[in-house]
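Enquirer: curious how this folds, go ahead:
(one chain, ligands or ions: 2)
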Amino acid sequence: ACGEAEPSFSGPATQGVTDAMLAAADGNEWLTYGRDYGEQRFSPLTQISAANVGDLGLAWYADLDTARGQEATPLMHDGVLYVSTAWSMVKAYDAKTGTLIWEYDPEVPRETLVRACCDAVNRGVALYGDKVFVATLDGRLVALDQKTGAVEWTSTVVPNQEDYTITGAPRVAGGRVFIGTGGAEYRARGFIAAYDWENGEELWRWHTVPGNPADGFENDAMEMAASTWGGNWWELGGGGTVWDSITYDPVNDLVLFGTGNAEPWNPAVNDRNAVANTQPDTQGDNLFTSSIVALHADSGEYAWHFQQTPEDRWDYDSNAGITLADMTIKGEQRHVVLHAPKNGYFYVLDAASGAFIQAEAWTALNWSTGIDPVTGKPEINPQARYELTGETWTGLPGAAGAHSWQPMSYSPDTGLVYIPANLTAFPYRAAGDDWEPSALGFQTGIDGAGTAMPAIPEIRQAALDATTGALVAWDPVAGREAWRHDYIGPWNGGTLATAGNLVFQGSAGEQFAAFNATSGERLWSFATQSGVMAAPMTYAIDGEQYVAVLVGWGGIWDIAPGVMTAKSGRPRNISRLMVFKLGATGQLPAPPALAEMVLDPPAFTGTPQQVAAGAQSYGRYCGACHGDAGIAGALNPDLRHSGAIGDGDVMRMVLIDGALHERGMVSFASVLNADDAENIRQYLISRANEDKALENR
Ligand SMILES: O=C(O)c1cc(C(=O)O)c2c(n1)C(=O)C(=O)c1cc(C(=O)O)[nH]c1-2
Ligand SMILES: [Ca+2]
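Expert: Ligands and ions are numbered 1, 2, ... in the order given. Presented below is the predicted three-dimensional model:
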């Protein structure tokens, strides 16, 4: 900015974890989120192999002091395992014995939960020089001393304490720490920023969507992007958040990252907000949302972009991990990007230019009828533009995505990518013309009440039957599936591929398993007592290979889908770090008995009007965390059983007075009044009685 001194850059680390070490990616260690710069999550270690994996056992485990979703990949350097947990806490363990060396709690205010779309998760730390970097849910980037966990510096990444959260892992290259944020279900204007690893000074920041043209554009890319938006898009932020994938490509010295959905999801809302909206344009691409973007790592200047989902109205974030690989494709040796975003296509792009090479649908999808073979642009099914049809569109994939943040892996030995796949649909329905943005909660322009699952057994059963999950081994060159392993439901763990011809993956079904990487045969499994979402990693110390994984169910699929969470078997959350090696015989303590919850709601005495109004408010403000009809998973209270629904005063104390704010349940007084609270209560009583009637059928 004018008049401000240019940030002075202290330069790359020459001691501790260096760029040379990150580039060499010694198989004994695991120094960065995806193991190597290309984020292949492929380990060259061979001691544990398809031949002997049956002898794998629990070497040690550590109980975690949070029972929310665990999504992090541990890192290992110099015999120390660095792990982040829910609430952005960090722990360092002796990687051989499991002894805790230090721990750090950034004391994220629990109220932050209301602006986190998808649980209090954190996907990992970064190592560089003598430091560990963690980004916190409330938007700080913190550097810790690797030896002691002492705070070295803290930088504020998010522009306000209302709309942005951070769930992703930082990456570091050339002395620059890269991080973005989540928030595109709120009012975020997405960005990625780079910080000096030594002192935390911000070196550059690149927004993914244009701001208000009246303020001037930050660069040419923003001016170009502005022509692809309609209405007053900047008023709700525009979205395009960088909430997970960041991949540094040393070959081209580029930082590649995926961007999130456009905000609001429903593009008609932007047009409606236009001051002089004579020609509503709901067909612009909304750059650079749901895209892969590449920037020059040193300057943060735009290099290229490839948009996967133009004018994304389905929450098809392109934030899934970006993998780099070298392969022969269409007869040419190429350095490519491999990517499986939420939208159900698998993309191969040129890593230097972003040029489209090929894409195939690798899962069932109905929003698009195909991909233009030259440009890579999807043909959109006209029915999927729900804001134009005014109908409910049951979209496949749904907002959870065919593949989300759960990392895939790529084995150069088999030439296959191993993708944790979800088959989940979502009922998209545009909110009515009277929809207004509000001070709290999702601002997606979607009809919340319209997305609630009806208490009609046939519809519930059909939806449950259609909702599944799988581990898909995909051949990115041939563009076809090599093998698959079907799961009981969606939202299984990230994957690890090894030179032992193995693929490791945990599951919603509370198992951690190893598969033959070539054939898909399931060779070994261990009962984890809790659902697993996180990706495993592996390392070796003193000639012994270990496999580590964070266990602990959560994330969006636990909190939002209500009835549908049952399809994953209602996993528990018993959060632990588990570490395995050959010949080990460790045991977990017996899990606590499952409490049998009997549905016993108060009799419904309200009016249909109260239920209808309550459904609207509930859908808008409550359902994203408590399930679509009060039915939640393992983390948040199932409101059909809550004492608050039996007592209007308690309901008001919680909802209006914020009695439970220390547990993350903030006051909704800025958007709801006492009448609304009573309507929501009557809606929940009515829904609970419907469910009770279903149980008794
Ligand atoms: O658009 C965004 O900014 C954003 C952020 C996040 C996040 O930060 O975790 C998720 C999503 N979107 C999202 O759509 C989604 O399905 C999702 C699942 C999860 C998770 O950790 O389980 N995070 C997110
Ligand atoms: Ca999103």
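Enquirer: gap between Ala173 and ligand 1?
Expert: The gap separating Ala173 from ligand 1 is 22 Å, by C-beta to the nearest ligand atom, to the nearest Å. All C-beta atoms are positioned from the backbone trio N, CA, C, and that covers glycine.
Enquirer: how about the helices of this protein, start to end?
Expert: 19-24, 220-226, 268-272, 386-389, 457-466, 556-559, 608-621, 623-626, 648-655, 674-695 (DSSP state H).
Enquirer: which one of the ones you listed lies nearest to ligand 1?
Expert: Between ligand 1 and these, the tightest spacing by C-beta to the nearest ligand atom is seen for helix 556-559, at 3.7 Å.
Enquirer: which residues does the residue of the chain positioned farthest from its centre contact?
Expert: Within the chain, the residue lying farthest from the chain centre (C-alpha atoms, centre = their mean) is Thr605, at 40.4 Å. Counting by C-beta atoms under 8 Å, 6 or more residues apart in numbering, Thr605 touches Ile685.
Enquirer: what's the separation between it and Arg334?
Expert: Taking C-beta to C-beta, to the nearest Å as the measure, Thr605 falls 67 Å from Arg334.
Enquirer: quick one on the thing from earlier: looking at the helices of the chain, which one is packed in the most?
Expert: Stretch with highest mean neighbour count among the helices of the chain: helix 556-559 (a mean of 26; mean count of other C-beta atoms under 10 Å).
Enquirer: average model confidence for that helix?
Expert: The average pLDDT within helix 556-559 is 94.
Enquirer: is any residue of that helix near ligand 2?
Expert: No: shown here: helix 556-559 not in contact with ligand 2 (C-beta under 5 Å from the ion), separated by at least 9.0 Å.
Enquirer: just how off-centre is that helix within its chain?
Expert: Computed by C-alpha atoms, centre = their mean, to the nearest Å, the chain-centroid distance of helix 556-559 equals 11 Å.
Enquirer: packing partners of that helix?
Expert: Packing partners of helix 556-559 (3 or more C-beta pairs under 8 Å, 6 or more residues apart in numbering; DSSP states H and E): helix 623-626.
Enquirer: do the helix it packs on and ligand 2 meet at all?
Expert: No: Helix 623-626 does not reach ligand 2 (C-beta under 5 Å from the ion); its nearest approach is 11.3 Å.
Enquirer: likewise for stretch 437-447?
Expert: No: judged by C-beta under 5 Å from the ion, stretch 437-447 and ligand 2 are separated, with a smallest distance of 9.0 Å.
Enquirer: what's the average pLDDT for that stretch?
Expert: Rounded mean pLDDT across stretch 437-447 is 93.
Enquirer: distance of Val53 from ligand 1?
Expert: 28 Å.
Enquirer: that residue against Phe512, yeah?
Expert: No: between Val53 and Phe512 there is no contact under C-beta atoms under 8 Å: 11.6 Å.
Enquirer: hmm, back to that, so which of the helices of the chain comes closest to Ser299?
Expert: Smallest distance to Ser299 across the helices of the chain (C-beta to C-beta): 12.7 Å, for helix 220-226.
Enquirer: which residues touch the closest one?
Expert: The contact list for helix 220-226 (C-beta under 8 Å, 6+ apart) reads His207, Val209, Pro210, Gly211, Pro213, Phe217, Leu287, Phe288, Tyr302, His305.
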